[in-house]
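Visitor: only the shape, not the letters, is given here:
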């Protein structure tokens with residue numbers, strides 16, 4: 001290697017290393033989260049992209065419609081209790097919270113087989129989605145409270161609320177989430193998500209999405225500074 005090339009190589013390496021330096025993010029920080037998609041390491045992505053089939057996890061207050069083929073007396077609606085369980089004839093109590101309808105369907109079938117029915121055909125579906133909801137506020141066409149019917153991303157939820165209002169500021173979107181009793185906030189740019197430069201985060205039941213209005217950046221900064229940065233997004237949850 002020529003001697004004249006060595007200083008240039010060292011300068012380029014210094015610039016590259018300087019660009020990789022990142023500030024720590026965690027509870028208590030009030031800096032805006034860096035939610036652009038980094039190349040490395042992978043565990044610092046803002047959130048997992050939404051792919052694969054939608055899977056709804058049951059929770060308290062959800063209403064299930066349980067049908068047992070050719071057994072009209074066993075076909076009924078049941079509500080998931082606060083304890084997370086449901087009660088069903090000939091079966092007893094079954095844990096439902098955190099499980100899918102397919103899980104509950106399989107357990108009811110197995111328990112009915114163990115009692116009096118031979119090869120029972122059981123179907124379980126959610127009639128009322130009441131446990132997993134997201135609140136959408138601010139500059140949207142139809143703000144409100146919407147159920148999560150499976151895995152739902154931020155863009156999907158905005159579409160459910162019939163899109164952004166004409167006066168919305170797409171770069172000022174905040175997602176609030178309570179984790180272990182602490183409320184966190186994460187900032188997202190809707191335009192960056194749409195063009196693929198930022199990952200579309202997955203929403204969870206209990207989240208609140210707030211889209212600010214154009215010209216209201218002061219309010220946006222005030223909202224964000226009230227809570228610690230939502231570092232859970234940065235760990236790829």
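Guide: Yes, it's here. Source: prediction; values computed, not measured. Numbering: from 1, shown residues only.
Visitor: the nearest residue to residue 78 once chain neighbours are set aside sits in which helix or strand?
Guide: What sits nearest to residue 78 in space, not counting adjacent residues and going by Cβ to Cβ, 6 or more residues apart in numbering, is residue 86, at 4.6 Å. C-beta coordinates here come from the backbone N, C-alpha and C atoms, glycine included. Per DSSP states H and E: residue 86 is located in strand 85-88.
Visitor: what sits against the residue nearest to residue 78?
Guide: Neighbour list for residue 86: 64, 78, 79, 80, 93, 94, 96, 104 [criterion: Cβ atoms under 8 Å, 6 or more residues apart in numbering].
Visitor: any idea how far it is from residue 130?
Guide: From residue 86 across to residue 130, the span is 14 Å (Cβ to Cβ, to the nearest Å).
Visitor: check residue 200 too.
Guide: From residue 200 to residue 130 the distance is 25 Å (Cβ to Cβ).
Visitor: among the two, which residue is more densely surrounded?
Guide: residue 200 (20 against 15; other Cβ atoms under 10 Å).
Visitor: tell me the bridge partners for the closest residue to the more buried one other than its chain neighbours.
Guide: Nearest residue to residue 200, sequence neighbours excluded (Cβ to Cβ, 6+ apart): residue 153, at 4.3 Å. Here residue 153 sits in beta bridges with residue 202, going by DSSP bridges.
Visitor: given the longest strand out of those in the chain, what are its sheet partners and their directions?
Guide: What stands out as the longest strand in the chain, according to DSSP state E, is strand 168-179. Under the criterion DSSP bridges, strand 168-179 sits next to strand 182-188 (antiparallel), strand 208-213 (antiparallel) in its sheet.
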